[in-house]
Structures are given as C-alpha cells and as structure tokens.
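**Student:** Structure of the sequence below:
(2 chains)
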Amino acid sequence: GESVGLHLPTLSVQEGDNSIINCAYSNSASDYFIWYKQESGKGPQFIIDIRSNMDKRQGQRVTVLLNKTVKHLSLQIAATQPGDSAVYFCAESTGANSKLTFGKGITLSVRP
Amino acid sequence: SQTIHQWPATLVQPVGSPLSLECTVEGTSNPNLYWYRQAAGRGLQLLFYSVGIGQISSEVPQNLSASRPQDRQFILSSKKLLLSDSGFYLCAGQRLATNEKLFFGSGTQLSVL
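**Tutor:** Residues are numbered from 1 along each chain as shown, chains lettered A, B, ... in the order given. So this is what the prediction gives:
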C-alpha cells in the first residue's frame, strides 16, 4: 500500500522519559488492535493487544489506549530505556480470519 | 506456543537466478500463513497469504509466487530474480479462523546483485 513506500517517521525521547507512540486507523469496524516492536534485522515481536470492547490495557511498562470515537490508538512506554529503541508498528483487523492491516511504523530513538 | 522457522537468514543471489524461501510452523495446526516484504527503513508489505493447503491469495502483482504444499509449510519462490526483489522477507503465522496476533519468523535478508 501507500505507506509501504514511505520512510518511517522518528520519535526521539530522553532515556527515562515516557514515550507515546500514536496510530490512526480508518476502519470503524476494526475490533482488534495490536502493537509490534521490530529491532533492526529481526522479525516484529508482539508487545500488547486490545479488543474494541476495552479502551485501555496495561502490560509491563507499556499501556495501550484505544479511542474508538476518533479511531486512534496509542502505545505508552514508561521510563523509556535504550533497549526500547526500535520500529513500532500498530495493526488492526476486523472479524475472524481477517488479515491484520499494519500501520506505517514509527522509529523510536532513545537518547542516553 | 506457535513458532515460525525461516531460513536462510541472509541470501545473496544474482539477477535472473531462481529463489526458494521456506517457512515452517510449529505449535499450531491449520494456521493462516503470510509472506511480507520490507524494504530498508520502511513498512511491511503483504505479498501472499494462505488459509489452507493449496490456497494462496496474492496481494500485489509481482515477480514472486507462493505455495503451500503442506499445512505447516509455506514457500516463496521466483523463477528469475530482479534487482527490485531485494529486501527483508518475513513469514508469519496466525491461528486459523481468528484475527489474533501474528507470530513472525526471524526473516531472510535477500540481496539481488
């Protein structure tokens, strides 16, 4: 799709600060959302997911927020560490056996 | 838990040569399987997906093809590679009849020279 050909935007944060990575989606029927982390040269790794019947879900140092009204998804990382430097992708899907649609991806760069 | 095995990790091939990348799945039966390509510093492009043996859907017209000869085996092929086929290829699996998270393999970095 269109987003595949674009260089990824970058978010730069200071080590120890909280990071917020945002993602907008367009399909109001999407009912499942997920965040992936991809380190250089590796496959994406699952971070956290959320279904549309929830608006917040917490994991270890991470929180996903879902605002269905404005079709917005965010990933919050508390006390960002150098190891959090990676590309982060959001993805959405609709119904069983449907494909995940990935967002553009954002590069998170942590300054020491 | 579901595990995706992909090999080789890196591959350098001359233009015009054939390609065969293999992906196998452990830990689940009848998975949905996917092939993605990723150019350096860019997003994920879905190439093919499969919901069962012999069932392949292509997302974009291209020089590549995919096959699923067995339930847990997914193969990406080309008869003649182009320079533009260079990229990072990822195989992913998903539990059948769900829209749940994909499990990704470790990827193959293909350089066509």
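
**Student:** Same question for the host helix or strand of residue A:11: list its buried residues.
**Tutor:** If you go by DSSP states H and E, residue A:11 is part of strand A:10-14. By 16 or more other Cβ atoms under 10 Å in any protein chain shown, the buried positions in strand A:10-14 come out as A:11, A:13. To be clear about C-beta, it is placed using only N, CA and C from the backbone, and glycine gets the same treatment.

**Student:** Stretch B:100-113 too?
**Tutor:** Buried-residue list, stretch B:100-113, by 16+ other Cβ under 10 Å: B:100, B:101, B:102, B:103, B:104, B:105, B:107, B:108, B:109, B:110, B:112.

**Student:** mind listing what residue 91 touches?
**Tutor:** If you meant another chain, say so; for now it's chain A. Neighbouring residues of residue A:91 by Cβ atoms under 8 Å, 6 or more residues apart in numbering or on different chains: A:33, A:34, A:35, A:36, A:100, A:101, A:102, A:103, B:102.

**Student:** Actually, chain B is the one I wanted.
**Tutor:** B:4, B:6, B:21, B:23, B:33, B:34, B:35, B:36, B:74, B:76, B:104, B:105.

**Student:** mind checking how far it is from residue A:68?
**Tutor:** 32 Å (Cβ to Cβ, to the nearest Å).

**Student:** Strands along the chain, start to end?
**Tutor:** The chain I'm using is chain A. A:10-14, A:19-24, A:32-38, A:45-51, A:56-58, A:62-67, A:72-77, A:86-93, A:101-102, A:106-111 (DSSP state E).

**Student:** Actually, chain B is the one I wanted.
**Tutor:** B:3-7, B:10-13, B:19-26, B:32-38, B:44-52, B:55-58, B:65-70, B:73-78, B:87-94, B:103-104, B:108-112.

**Student:** Now do the helix-or-strand element of chain A with minimal mean pLDDT: distance to the chain's middle.
**Tutor:** Least confident helix or strand of chain A, by mean pLDDT, DSSP states H and E, is strand A:101-102 with a mean of 88. Between the centre of strand A:101-102 and the centre of its chain there are 11 Å (Cα atoms, centre = their mean, to the nearest Å).

**Student:** Equivalent analysis for stretch B:78-86, please.
**Tutor:** That offset, for stretch B:78-86, works out to 14 Å (Cα atoms, centre = their mean).

**Student:** contacting residues around it?
**Tutor:** B:13-19, B:63-65, B:110-113.

**Student:** let's see it at 7 Å
**Tutor:** Stretch B:78-86 is touched from outside by B:13, B:15, B:16, B:17, B:18, B:19, B:63, B:64, B:110, B:111, B:112, with contacts defined as Cβ atoms under 7 Å, 6 or more residues apart in numbering or on different chains.

**Student:** quick one: low-confidence ranges for chain B?
**Tutor:** B:97-99 (pLDDT under 70).

**Student:** who touches the spatially closest residue to residue B:104 that is not a sequence neighbour in this structure?
**Tutor:** Excluding the flanking residues, the one nearest residue B:104 by Cβ to Cβ, 6 or more residues apart in numbering or on different chains is residue A:43, at 3.6 Å. The contact partners of residue A:43, taken as Cβ under 7 Å, 6+ apart, are B:90, B:104, B:105, B:106, B:107.
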